[in-house]
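Peer 1: pasting the sequence and the predicted model now:
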Amino acid sequence: MGAGAAVSLRVSTDKDSGVAVVTLDRPDRLNAIDLGMVAELKKCWRELRFDDSVRAVVLTGAGGRAFCTGIDRDAVVPQPDSPYMQDDPLLTVGPKANDLWKPVVAAVEGMACGGAFYLLGEAEFVVAGTTATFFDPHTTYGMVSAYESVLMAQRMPFGEVARMVLMGTAERISARRAHDIGLVSELTQEGGALEAATACAAVIAGYPAEATQGTVRALWSAKEAARAQGFAQAPHLVSLGNLPADRQAGLFAARRRDGFRVR
């Protein structure tokens, strides 16, 4: 990060428990990911690979209103003028994308939507407060949900993923429903997700690191082939299906903030 650049990520480490808490810290932007945060996340995961005092990680968002709302719409991402090449900065924000195989537990309060699934899709499991909601707005704004759909298809029943990504902003999955379908492993009272996730991480961190990291690696080996195949199709589908940026912006500007149901 350049001199004077705002820091949008906080990392706190408890050497006694072996748990690091990584907090997305742009609450005024609902923890949307700008290019600065992309760089910070990559740096964070790479550094945690070398910190042997950290044996488990909790990932959460600041402010309580949102875990993360995906890519910041003000972020400018230049694209090659070719349907065969596409730059997606969110492909590099997750722990697995940065070769970190320490267990990661996500703690979700408030909204988790769109590009948030790049992060949730690379956590081992998710703990959520009762007011958490999950949705994918891509189709509403004329965009293909590609990477998000692939990642969530490995965490949720097919019909639930299909409904979420196709219904766009018209519906949000409640924390209770997310728990019922297996996306969320533990449901807490509002504001309790971080404490519960940290307690789980502390238990895991108390076990031999070689065993937990090997187990994480084994778990992910069962998913890698399907994910790689899905991701290979994503750039072409996005190039074919996305509306031009100005039309996306028009749909976004015309959005209704209260026009959804929670199920």
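Peer 2: Nice, thanks for sending it over. Residues are numbered from 1 along each chain as shown.
Peer 1: next up, the contacts around residue 182.
Peer 2: 155-157 (C-beta atoms under 8 Å, 6 or more residues apart in numbering). For glycine as for every other residue, the C-beta is placed from the backbone atoms N, C-alpha and C.
Peer 1: SS state for it?
Peer 2: coil (DSSP: H, G, I helix; E, B strand; the rest coil).
Peer 1: how much space between it and residue 63?
Peer 2: 27 Å (C-beta to C-beta, to the nearest Å).
Peer 1: could you do residue 245 as well?
Peer 2: Applying C-beta to C-beta to residue 245 and residue 63 gives a distance of 28 Å.
Peer 1: tell me which of the two has more neighbours.
Peer 2: residue 63 (17 against 11; other C-beta atoms under 10 Å).
Peer 1: for that one, which non-adjacent residue is spatially closest?
Peer 2: residue 27 (2.8 Å; C-beta to C-beta, 6 or more residues apart in numbering).
Peer 1: these two touch, right, the one you found and residue 67?
Peer 2: No - taking contacts as C-beta atoms under 8 Å, residue 27 lies outside contact range of residue 67: 10.9 Å.
Peer 1: if we can go back for a sec, wait, which of the contacts of residue 182 is closest to residue 197?
Peer 2: residue 155 (16.2 Å; C-beta to C-beta).
Peer 1: pLDDT score for that closest one?
Peer 2: Predicted confidence (pLDDT) for residue 155: 95.
Peer 1: what mean pLDDT does the helix ranked longest in the chain get?
Peer 2: If you go by DSSP state H, the chain has its longest helix at helix 224-241. Mean per-residue pLDDT for helix 224-241: 91.
Peer 1: got it, and stretch 165-175?
Peer 2: 97.
Peer 1: one step back: could you flag which of the contacts of residue 182 are buried?
Peer 2: 155-156 (16 or more other C-beta atoms under 10 Å).
Peer 1: need the contacts of residue 182 in CSV (columns: secondary structure and distance to residue 260).
Peer 2: CSV is the format used below for the contacts of residue 182 (DSSP: H, G, I helix; E, B strand; the rest coil; distance: C-beta to C-beta, whole Å):
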residue, secondary structure, distance to residue 260
155, coil, 21
156, coil, 19
157, coil, 21
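Peer 1: which among the contacts of residue 182 gets closest to residue 41?
Peer 2: Nearest to residue 41 among those, with distances taken as C-beta to C-beta, is residue 155, at 19.7 Å.
Peer 1: okay, now the nearest residue to that closest one once chain neighbours are set aside: neighbour count?
Peer 2: In space, and not counting its chain neighbours, residue 155 is closest to residue 183: 5.5 Å by C-beta to C-beta, 6+ apart. Around residue 183 there are 25 other residues, counting by other C-beta under 10 Å.
Peer 1: would you mind measuring from residue 183 to residue 94?
Peer 2: 16 Å.
Peer 1: now do the strands in the stretch 151-263 of the chain.
Peer 2: Assigned by DSSP state E, counting those that start in this stretch, the stretch 151-263 of the chain shows strands spanning 171-174, 186-188, 261-262.
Peer 1: can I assume residue 65 is in contact with residue 32?
Peer 2: No - using C-beta under 8 Å, residue 65 makes no contact with residue 32, being 11.5 Å away.
Peer 1: neighbour count winner among the two?
Peer 2: residue 32 (23 against 15).
Peer 1: phi and psi next, for the closest residue in space to the more buried one that isn't next to it in sequence.
Peer 2: Among residues not flanking residue 32 along the chain, residue 72 sits closest, at 4.0 Å (C-beta to C-beta, 6+ apart). Torsion angles at residue 72 (phi, psi; degrees, to the nearest 10) stand at phi -70, psi 130.
Peer 1: report the secondary structure state of residue 126.
Peer 2: strand.
Peer 1: show me the contacts for it.
Peer 2: 105-108, 120, 178, 183-185 are the contacts of residue 126 under C-beta under 8 Å, 6+ apart.
Peer 1: recalculate using a threshold of 7 Å.
Peer 2: 106, 108, 120, 183-185 (C-beta atoms under 7 Å, 6 or more residues apart in numbering).
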